[in-house]
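Undergrad: predicted structure and sequence below. I'll ask about it afterward.
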Amino acid sequence: MPHFICTACGMQYAERAEPPAQCLICEEERQYVPPRGQTWTTLAALAHSHFNSYREYEPGVIGIGAQPSFAIGQRALLLRTAGGNVLWDCIAPLDRATVTMVEGLGGIAAIAVSHPHFYTTVVEWAHAFETTVHLNAADRQWIMRPDSAIRLWDGDTHALWDGVTLVRCGGHFEGGTVLHWAGGAGGRGIVCAGDILTVCTDRKWLTFMRSYPNMIPLSARTVEHIGRALEPFAFESIYGHYFDRVIAHDGKQVLEKSVARYVAAVNGTRGYE
Ligand SMILES: [Zn+2]
Ligand SMILES: [Zn+2]
C-alpha cells in the first residue's frame, strides 16, 4: 500500500489504501490548505516530476533541494563531520541519483530534523541509508509515519557525537531544534537553524515566528529563551532553510542583535512603539 505525501507540506503518512481525508499538519494553525484543496503524491510519482540539486557552501556543508521546488520548498544539508555524515532536515524527493551520490560521500551516519514541517519522507531516507532519525520528543504527536528508525530525545541538548549537538530552542514548535557543528566554518562553528531561527530575506537578521505563512508571532519571553539556549555555543555561520538563506559571518552577534530587535518590537520599546 502507498505512503501518501501531502503536496502542500511534504509530510509522508503511514501506508494506507486511500489518501488521508486531511493533512493534520496543513489543517493546524501554523500551516494551510492551498486554495486548490488537498492533493497527494507518492515518492514514485515524485521521481518523475522532481529531481534533487546540490550546492556546496563550504567544505563539508552540502545543500540538497528539490527541483522544481516542492511543498514548503526547504533544502536539506549534508554535513561531513569527523564523526560521520549528518543529514540535517529533510526533503521529500529521494531519487536514485541522490542515493548514489550520498553513498559515494560515505552515506549518512545520523539524521536530525528541526521540526515537523520538515519530517516529510525522513523514514525513507533512514531506510535507504540504514540509519536513525533523531527527533525531539516534545513533537512526537506530529510523527505521521511511525518507524523503528526514529529515536526520540528529551531535554535541552542531545550530542550526536563530539562536536555535533542538537539544541532544543522551542518557539515555532515546542520541540524546535537547531544543530550546532563546532567543526563547521573552518572550526569557528555553524548553526543549522531550519526555521527555528529564520534567516530573513536580507540575510542580515533572524526572525522567529509560531507561523510564517499565517504570521503568528512568538512572545518576547519565548524568543529570549531561544537566545539563551544558544548562549553556550560559538558559531560564525547560520544556515537557514532555503538555498539562499545563509548568514556567513558573525552569526553569534546576528542572533544576539536579532533577539534584541524582536523583543523591542513586540514590547514596543526602543523605536518600535
Ligand atoms: Zn500537509
Ligand atoms: Zn515550519
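TA: Received the coordinates, thanks. Ligands and ions are numbered 1, 2, ... in the order given.
Undergrad: count of residues packed around residue 153?
TA: The number of residues packed near residue 153 is 18, by other CB atoms under 10 Å. (Each C-beta comes from the backbone N, C-alpha and C, glycine too.)
Undergrad: swap that for residue 77, sorry
TA: Neighbours of residue 77 under the rule other CB under 10 Å: 25.
Undergrad: nearest residue to residue 49 other than its sequence neighbours?
TA: Once flanking residues are discounted, residue 49 sits nearest to residue 41: 7.7 Å by CB to CB, 6 or more residues apart in numbering.
Undergrad: beta partners of that neighbour?
TA: Using DSSP bridges, the bridge partners assigned to residue 41 are residue 5.
Undergrad: for it, give me its contacts.
TA: 4-5, 7, 49 (CB atoms under 8 Å, 6 or more residues apart in numbering).
Undergrad: and these, which are buried?
TA: In these, burial by neighbour count holds for 4-5, 7, counting by 16 or more other CB atoms under 10 Å.
Undergrad: can you confirm residue 38 is in a strand?
TA: No - with DSSP: H, G, I helix; E, B strand; the rest coil as the criterion, residue 38 is coil rather than part of a strand.
Undergrad: pretty sure it is touching residue 23, no?
TA: Yes - assessed by CB atoms under 8 Å, residue 38 is found in contact with residue 23 at 6.1 Å.
Undergrad: which neighbours do the two have in common?
TA: Applying CB under 8 Å, 6+ apart, one finds that residue 38 and residue 23 are jointly contacted by 6, 8.
Undergrad: between these two, who's got more neighbours?
TA: residue 23 (24 against 16).
Undergrad: what's the burial count for residue 265?
TA: Neighbour count of residue 265, defined by other CB under 10 Å: 17.
Undergrad: ok, residue 54 next?
TA: With neighbours defined by other CB under 10 Å, the count for residue 54 comes to 14.
Undergrad: next one: phi and psi at it?
TA: phi -140, psi 150 (degrees, to the nearest 10).
Undergrad: and the longest helix for this structure?
TA: When the chain is parsed with DSSP state H, its longest helix is helix 251-267.
Undergrad: distance from the chain centre to that helix, please.
TA: Its chain's C-alpha centre and that of helix 251-267 lie 21 Å apart, by CA atoms, centre = their mean, to the nearest Å.
Undergrad: pull that helix out as CSV, backbone CA atoms only.
TA: The C-alpha coordinates for helix 251-267 follow below in CSV (Å, rounded to 0.1, in the frame of the first residue of the first chain):
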residue,chain,number,x,y,z
GLY,A,251,26.3,34.6,13.3
LYS,A,252,26.6,34.8,17.1
GLN,A,253,26.3,38.6,17.0
VAL,A,254,23.5,38.4,14.5
LEU,A,255,21.5,36.1,16.8
GLU,A,256,22.0,38.5,19.8
LYS,A,257,21.0,41.6,17.9
SER,A,258,18.1,39.8,16.3
VAL,A,259,16.7,38.6,19.6
ALA,A,260,17.0,42.2,21.0
ARG,A,261,15.3,43.7,17.9
TYR,A,262,12.4,41.2,18.1
VAL,A,263,11.9,41.7,21.8
ALA,A,264,11.9,45.5,21.4
ALA,A,265,9.4,45.2,18.5
VAL,A,266,6.9,43.1,20.4
ASN,A,267,7.3,45.1,23.6
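Undergrad: what's the mean pLDDT across that helix?
TA: Mean pLDDT, helix 251-267: 97.
Undergrad: who does it touch, helix- and strand-wise?
TA: Applying 3 or more CB pairs under 8 Å, 6 or more residues apart in numbering; DSSP states H and E, one finds that helix 251-267 contacts strand 190-192, strand 206-207, helix 220-229, strand 237-239.
Undergrad: I figured residue 227 hits residue 257, correct?
TA: No - using CB under 8 Å, residue 227 makes no contact with residue 257, being 10.2 Å away.
Undergrad: alongside ligand 1, which residues does this structure contribute?
TA: Taking CB under 5 Å from the ion, the part of the chain that reaches ligand 1 is made up of 6, 8-9, 11, 23, 25-26.
Undergrad: name the helix or strand for residue 111, please.
TA: According to DSSP states H and E, residue 111 maps onto strand 110-112.
Undergrad: what does whatever helix or strand comes next after that strand rub up against?
TA: Once the chain leaves strand 110-112, the next helix or strand it forms, by DSSP H and E, is helix 122-128. For helix 122-128, the surrounding residues in contact (CB under 8 Å, 6+ apart) are 3, 12, 43, 87, 90, 94, 99, 108, 111, 113, 131-133, 145, 147, 149-150.
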